[in-house]
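Peer 1: sequence and predicted structure are below.
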Amino acid sequence: MTSLRIAWRNVWRNPRRSAVVVTAVAVGIAGALIAMSFNYGMVVQMIETAIGTELGHIQIHAAGYDANPELRVRMPDGGERPEEVLTRNEGVVAFARRVRGEGLVVSPDASVGVRVVGVEPKSEAAISIVADSMTSGHYLDGNRKRVIIGERLAKRLHVDVGDKIVLSVTDMRGDITGAGLRVGGIFHTPSAALDSGTLFLPLVESQHLLALDDAISEIVVVGSDRARVDDLEGSLASSLSGLEVKSWKQLQPVLDYMVTVFDQMGYIIYGAVFVAMLFGIANVLLMTIYERVREIGILMAIGMPRSRLAISIVLESLIVTLVGLAVGFAVTLAVLAALRDGIDLSSFAAGLESFGVGQRIKPVLRYSDFVVPTVVAFLTAAVASGWPAYRATRFRPAEAVRHV
Amino acid sequence: MLEFRLAWRNVWRNPRRTSLTVAATVFAVVLVVMSVGMAAGVHEKMIEDAVRYGSGHLSVTGEGYLENRTLEQFVHFDDEIEQQLRDTDGVRGYAPRVQSFALLARGNSTSGVAVFGVDPSLENSVSRFSERVRTGSFITPGGRRQIVLGQRLAAKLSAEVGDSLLLYSVAYSLETAYELFDVAGVMRLPDPNLDANLAVISLADAQDFFVYGDRVSEIAILTDEADSAADVARTLKATLRMEGPFEINTWDQIMPELVQFILLDDAGMYITVFIVVVVVGFGILNTVLMAVLERRKEFGVVLALGLRPAAVFRTVYFESVMLAGVGLVIGLAVGLPMLLYFQAHPIELTGGMTEVMELFGSEPVMTFKLKPLNPIGSTITIFALAIVAAFYPAVKASRGRPVDVLRSL
């Protein structure tokens, strides 16, 4: 306890110096945390966009679809068996059946290759943000000949709501066929890929056009929580043998890996901040030792054990660093609370949307984000005070007391 | 000059403290030089890839092509235009292309594709498609009905070299167009999106297929330097004589999203670097402040002896600036060769990082690039920070009243 008291008093013997150290630590920690929370917010948005527009949490296909996404790899019975399993499973919040193909959309002005997605309007709306992203016209309704397309595609085709387009596809039999359709609505999502190259049409129309009869290509499942997707995937996979049950992580490993890359980037940033703080704190502590040579000499001369001396120096560094850490956390929380609605980057919209990120980036902080800076702060305090503490214990009392 | 000598001696009166401070500065300088160099390298590579697999440094197109990208916007390409392009200074290469969309089918598999009709004898002067062929060969001059596919597209269609594929689309005449093409080669493109969607045929075939005459969608032009694109575009705009309205756009106008991405990425990098520099700056400020405070008696004495406060200020100020200067010089001496080494030896990434880079349309290589302006800019910034930070301790030292100072100790 005495060491702690001595350390505490030493912190306050030069408040200005301590304040500068505290500020340096706080700026480093808060800066890194805030920068990372926006970075992570961007990654989360990329994942959420992908899940919300096309991916879902889990997708069910006929075996072999992932390797070979062709029309003939299908669930012929319209997905009756999985549907039953999905309705019974408590982890499933919503699911939707889809047909997937490729086609060529032709307008009077242009022709563009697209992914053709046949959906059931009601169930699709429960798993995707597209229904809420309509900018003109309206979402799919009962009309079989009305389709919806993204803003970028509409611009490419030079069409507006109500205009006619022709969709050409190769059907199950390998024949090229087509259908005249009308644009019922136009949507805008944060995903440029979806907006520029996807056409949604009613499931029945797509089954008819592609000569699929009752067959469907996939069932998209949304669970209660993205974090618990692995459990759900496991339970569905075991009850749906013979089908391909894959989570978004398995379907788009890159998206999942983005999180890892992001964390690694975070370590690099903290590494740099750590080294930067280290120099500052070590320097200051070293100075406090040298300006106290006489005092330390006297303490040793009157019998203070070297270990206690070292402990009080390490504690001093620890106190200053931890106060800096606390201030850093407080600043982070305050700044993030002020910016909780995100920052508006609409002037960079085109650049962001090509990676599925919206114009508004909201910071996302995880509890685990506080672990690394805490560890870094402790490490900094320990490493930075190690050398000064060692130096102090090497003083020879007889010489030190005579030091001026 | 006395102040200079005094300051220089003060720098070395506590070598341990000085070396720690210098080490901190060196660390900051190396970090800044490397971060900025890496960003410059990666971005240059991204631009280079985008230019080499896209529309070149600048492209000549029909009016409104960028917004619409349909067959309705075109320019005529003939010997006369070619001659004009050849005679323009700064034009390194040019490639006429027909670009449209089509369905490509093999048996039951169909895929929507972007079709590029290219002239094989001119294409190499602009793009790198032919270098990217992994199996088979690129379109050969004079060859008919050859098609070259991206690797992912070929996999999607299970197509191999020698297979016949049906290309189906709508021609300029608004008639349905279909034709069989033989796969001549499969290429591996760095951008996964392009790799999964691009089919290349010869310009002559494309003009037949789309009933397009001597029209082309764009003439992609490579200039001698990326930076001279705007100048060459201006020259061409003034001199190019062409039938019908045309427009000329530079790569940054063609790909605004790439420009935005680079801006954002740079902003993120600068913020991170700034945080580290500020933390280092606080460390240095603290050191100098301490150095000043422990010398209060000395300053009191020299002030009492009649040295002007301004002279004390200068001594301390020069000391801090020299400290920063030494750190900067060593930092640059360490950082620049390091950067040059990595510029010559790019870091090849492995594992999952490869896919992430591909997601952003880049090859999995970390390239570095030393742009003369960057280290100069960083040096000036860090030096400016040091000059500002040095103010406080220097003012502090010169402000003490000699009587109080002498008495306090």
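Peer 2: Now that the structure is in, tell me what you want to look at.

Peer 1: so which residues on the stretch 101-250 of chain A come close to chain B?
Peer 2: Within the stretch 101-250 of chain A, the positions lying close to chain B (C-beta under 8 Å from any C-beta of the partner chain) are A:101-104, A:106, A:109-115, A:155-156, A:158, A:168-170, A:172, A:174, A:176, A:192-193, A:197. C-beta: built from backbone N, CA, C; applies to glycine.

Peer 1: list the buried residues for the helix or strand containing A:Thr332?
Peer 2: Following DSSP states H and E, one finds A:Thr332 within helix A:306-338. For helix A:306-338, the neighbour count (16 or more other C-beta atoms under 10 Å in any protein chain shown) marks A:309-325, A:327-329, A:331-332, A:335-336 as buried.

Peer 1: tell me the buried residues within the residues of the stretch 101-250 of chain A next to chain B.
Peer 2: If we count by 16+ other C-beta under 10 Å, these have these buried: A:101-104, A:106, A:110-115, A:155-156, A:168-170, A:172, A:174, A:176, A:192-193, A:197.

Peer 1: sec struct for A:Gly78, please.
Peer 2: coil (DSSP: H, G, I helix; E, B strand; the rest coil).

Peer 1: just say helix, strand or coil for the residue nearest to it when sequence neighbours are not counted.
Peer 2: In space, and not counting its chain neighbours, A:Gly78 is closest to A:Asp214: 4.1 Å by C-beta to C-beta, 6 or more residues apart in numbering or on different chains. Classification of A:Asp214 using three-state DSSP returns coil.

Peer 1: swap in A:Val183?
Peer 2: strand.

Peer 1: contacting residues for it?
Peer 2: A:137, A:146-149, A:154, A:159-165 (C-beta atoms under 8 Å, 6 or more residues apart in numbering or on different chains).

Peer 1: determine the longest strand present in chain A.
Peer 2: strand A:92-106 (DSSP state E).

Peer 1: tell me which helix or strand comes right after that one.
Peer 2: strand A:111-119.

Peer 1: counting by contacts, list what that following strand packs against.
Peer 2: strand A:92-106, helix A:151-157, strand A:164-170, helix A:192-197, strand A:198-202, helix A:203-209, strand B:91-106, strand B:109-118 (3 or more C-beta pairs under 8 Å, 6 or more residues apart in numbering or on different chains; DSSP states H and E).

Peer 1: now what about the shortest one, what contacts it?
Peer 2: Outside of strand A:198-202, the residues that reach it under the criterion C-beta under 8 Å, 6+ apart are A:54, A:103, A:105, A:114-121, A:124, A:130, A:140, A:143-144, A:146-150, A:153, A:167, A:181.

Peer 1: and chain A, what are its domains?
Peer 2: A:2-50+A:256-400, A:64-241 (automatic domain parsing).

Peer 1: pLDDT (mean, whole number) over the shortest one?
Peer 2: It stands for domain A:64-241. Here domain A:64-241 scores 90 as its mean pLDDT.

Peer 1: mind listing the strands for the chain?
Peer 2: With no chain named, the answer covers chain A. A:58-62, A:92-106, A:111-119, A:134-137, A:146-150, A:164-170, A:176-187, A:198-202, A:218-223, A:243-247, A:343-344, A:360-361.

Peer 1: um, chain B though
Peer 2: B:58-62, B:75-76, B:91-106, B:109-118, B:133-136, B:146-150, B:164-170, B:176-187, B:198-202, B:215-216, B:218-223, B:246-250, B:347-348, B:365-366.

Peer 1: what is the last one packed up against?
Peer 2: Using 3+ C-beta pairs under 8 Å, 6+ apart as the contact criterion, the neighbours of strand B:365-366 among helices and strands are helix B:15-52, strand B:347-348.

Peer 1: what helices or strands is the last one leaning on?
Peer 2: The criterion is 3+ C-beta pairs under 8 Å, 6+ apart, and the helices and strands that strand B:347-348 contacts are strand B:365-366.

Peer 1: can you give the contact residues for the strand it packs on?
Peer 2: Taking C-beta under 8 Å, 6+ apart as the rule, strand B:365-366 contacts B:38, B:41-42, B:45, B:342, B:346-349, B:357.

Peer 1: tell me the one among those nearest to chain A.
Peer 2: Among the contacts of strand B:365-366, B:Met357 lies closest to chain A (C-beta to the nearest C-beta), at 9.5 Å.

Peer 1: residue closest to the middle of chain B?
Peer 2: In chain B, the residue lying closest to the centroid (C-alpha atoms, centre = their mean) is B:His43, at 2.2 Å.

Peer 1: mind pulling up the pLDDT for it?
Peer 2: Looking at B:His43, its pLDDT is 87.

Peer 1: what about A:Arg394, neighbour count?
Peer 2: Look at A:Arg394: counted by other C-beta atoms under 10 Å in any protein chain shown, it has 8 neighbours.

Peer 1: what's the domain layout of chain B?
Peer 2: B:2-50+B:258-408, B:64-244.

Peer 1: that older thread, okay if I get the helices and strands packed on strand A:111-119 as JSON lines plus distance to B:Gln260?
Peer 2: Formatted as JSON lines, the helices and strands packed on strand A:111-119 follow (distance: least, C-beta to C-beta, whole Å):
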{"stretch": "strand A:92-106", "distance to B:Gln260": "28"}
{"stretch": "helix A:151-157", "distance to B:Gln260": "16"}
{"stretch": "strand A:164-170", "distance to B:Gln260": "30"}
{"stretch": "helix A:192-197", "distance to B:Gln260": "12"}
{"stretch": "strand A:198-202", "distance to B:Gln260": "23"}
{"stretch": "helix A:203-209", "distance to B:Gln260": "35"}
{"stretch": "strand B:91-106", "distance to B:Gln260": "23"}
{"stretch": "strand B:109-118", "distance to B:Gln260": "22"}
